[in-house]
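> Quick one, what's the 3D model for this:
(2 chains)
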Amino acid sequence: MIWEVFRQEREGQPFQHGGSLEAPDFRFAEIYAREFYGRRNESTGIWIVPRETIREVADFADLFDRDYRRVDGYSLKVKLGEARERAGTA
Amino acid sequence: MQAPPETRVEAVLAFADDELVLGWRDSEWTGIAPFLEEDVAFSSIAQGEIGHARALYELAAGALGGDADALAFDREPDEYRCAPFVELRLVGDWAATIARHWLYETADAIRVAALMESDWPELAGLAAKMDREEAYHRMHAQMWAERLRQSSESRRFEDAVAELWPHALGLLAAGKRERLCELVGRSPVEPVERGTHTEELRPLLEEMTLVRRSVPGAAW
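Next up, the predicted model:
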């Protein structure tokens, strides 16, 4: 059984993927995660997740070119320039 | 510090020898344990035992003079006080290795708990520190013992426990054996006592002290 390991480097930081390991159950996974990702105090926290419980979500179709949905759809620089011109502060 | 009684120092040396020799035996699995994750975990446990041995030798050296390395490596085989239990060479037989690991950690918990109450403050403090690390060793031993008991080849594990049982009893002082019987659910038998050695100790010590004998004073 494969386990994905997420680790936090410092208090308050997000957990990031550290790697994976093989272990027959939760208890083994916990011990091995501690050995591989915690023995040198390199983590302040560890999450272990069975790989099979992870649902992959992919295929993000955008066939109609709706770039206005993206934050880069609007150029703030251009709008700011126009606004300054109208206000006479350009 | 008032010098601790000689018997107390002897007991510390015996404990250190147990941890050093068992750590060595466990380290023989490095590179060939059943799978990679276990290889790292079991090697780490071996290192843990040797680290405990060093701390105990330092404590004994403080009372006896000399240094930890001299106590660990420069004595004659007959001067070692380890129990025959830890000398047995079990590499290659994982069921027997886990059987010893489980019996040792169960017995060790009794020994360490008693030492935490010692009126030798340095020893009590060291025992408390060791106990925090041993908790993970015990967890590891317990989990493997349960796993092997539930496996289709549980017989191999149970046979190994039965075979090692007289040796395991000999690890503890007579007054502490009853508790071990309770914890492992076995009846008392004639123990293989500390004070004699197996034939396997001499080759182990020869290998373990090879560098130190070849290059006196070597450090790395």
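> ok, B:Tyr57 - how many residues close by?
B:Tyr57 is flanked by 26 other residues according to other C-beta atoms under 10 Å in any protein chain shown. (C-beta placed from N, C-alpha, C; glycine too.)
> now swap in B:Leu205 and tell me
19.
> now do the one 3 residues further on
For B:Met208, the number of neighbouring residues by other C-beta under 10 Å comes to 16.
> Name the residue of chain A that lies nearest to chain B.
Nearest to chain B in chain A, going by C-beta to the nearest C-beta, is A:Tyr32, at a distance of 4.3 Å.
> Distance of that residue relative to A:His17?
A:Tyr32 sits 16 Å away from A:His17, going by C-beta to C-beta, to the nearest Å.
> what about these two, which has more around it?
Using other C-beta under 10 Å as the criterion, A:Tyr32 and A:His17 rank with A:Tyr32 on top: 23 against 11.
> if we can go back for a sec, the residue of chain A closest to chain B is in contact with B:Val40, isn't it?
Yes - using C-beta atoms under 8 Å, A:Tyr32 makes contact with B:Val40 at a distance of 7.4 Å.
> Show me where chain A dips below the pLDDT cut-off.
Along chain A, the parts satisfying pLDDT under 70 run over A:72-74, A:90.
> can you list the residues of it near chain B?
Residues of chain A lying close to chain B (C-beta under 8 Å from any C-beta of the partner chain) are A:Leu21, A:Glu22, A:Ala23, A:Pro24, A:Arg27, A:Phe28, A:Ile31, A:Tyr32, A:Arg34, A:Glu35, A:Phe36, A:Arg39.
> shouldn't the second one be in contact with A:Trp3?
Yes - judged on C-beta under 8 Å, A:Glu22 makes contact with A:Trp3 at a distance of 7.4 Å.
> And chain A, is the helix or strand containing B:Thr7 touching that?
In this structure, B:Thr7 sits in helix B:6-27 according to DSSP states H and E. No - counting by C-beta under 8 Å from any C-beta, chain A is not contacted by helix B:6-27; separation bottoms out at 14.1 Å.
> following that helix, which helix or strand comes up?
Next along from helix B:6-27, by DSSP H and E: helix B:36-64.
> Count the residues that sit near the closest residue to chain A within chain B.
For chain B, the residue closest to chain A is B:Glu37, as judged by C-beta to the nearest C-beta, at 4.3 Å. B:Glu37: 21 surrounding residues under other C-beta under 10 Å.
> Same check on the one 10 residues further on?
The local packing of B:Gln47 (other C-beta under 10 Å) involves 15 other residues.
> and the gap between the residue lying closest to it once chain neighbours are set aside and B:Arg75?
Once flanking residues are discounted, B:Gln47 sits nearest to B:Gly23: 7.1 Å by C-beta to C-beta, 6 or more residues apart in numbering or on different chains. The gap separating B:Gly23 from B:Arg75 is 17 Å, by C-beta to C-beta.
> what about those two, which has more around it?
A count of neighbours by other C-beta under 10 Å puts B:Gly23 above the other of B:Gly23 and B:Arg75, at 20 against 15.
> how about that one, what does it touch?
Contacts for B:Gly23 (C-beta atoms under 8 Å, 6 or more residues apart in numbering or on different chains) come out as B:Ala46, B:Gln47, B:Gly48, B:Glu49, B:Ile50, B:His52, B:Ala53.
> Can you give me the pLDDT of the second one?
Right, B:Gln47. Here the pLDDT value assigned to B:Gln47 is 96.
> Distance of it relative to B:Ser118?
Applying C-beta to C-beta, the value for B:Gln47 to B:Ser118 is 25 Å.
> Export the helix or strand hosting B:Arg100 to PDB, keeping only CA atoms.
Using DSSP H and E, B:Arg100 sits in helix B:94-115. Written as PDB, here are the backbone C-alpha positions of helix B:94-115 (Å, rounded to 0.1, in the frame of the first residue of the first chain):
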ATOM      1  CA  TRP B  94      13.200 -12.000  10.300                       C
ATOM      2  CA  ALA B  95      10.600 -13.900  12.400                       C
ATOM      3  CA  ALA B  96      13.300 -14.700  15.000                       C
ATOM      4  CA  THR B  97      14.700 -11.200  14.800                       C
ATOM      5  CA  ILE B  98      11.300  -9.700  15.500                       C
ATOM      6  CA  ALA B  99      10.700 -12.200  18.300                       C
ATOM      7  CA  ARG B 100      13.900 -11.100  20.000                       C
ATOM      8  CA  HIS B 101      13.100  -7.400  19.300                       C
ATOM      9  CA  TRP B 102       9.600  -7.800  20.900                       C
ATOM     10  CA  LEU B 103      10.900  -9.800  23.900                       C
ATOM     11  CA  TYR B 104      13.800  -7.400  24.400                       C
ATOM     12  CA  GLU B 105      11.700  -4.200  24.200                       C
ATOM     13  CA  THR B 106       9.100  -5.700  26.600                       C
ATOM     14  CA  ALA B 107      11.800  -6.700  29.100                       C
ATOM     15  CA  ASP B 108      13.700  -3.400  28.600                       C
ATOM     16  CA  ALA B 109      10.600  -1.400  29.500                       C
ATOM     17  CA  ILE B 110      10.600  -3.100  32.900                       C
ATOM     18  CA  ARG B 111      14.300  -2.400  33.400                       C
ATOM     19  CA  VAL B 112      14.100   1.200  32.300                       C
ATOM     20  CA  ALA B 113      11.100   1.900  34.500                       C
ATOM     21  CA  ALA B 114      13.000   0.600  37.500                       C
ATOM     22  CA  LEU B 115      16.100   2.700  36.600                       C
END
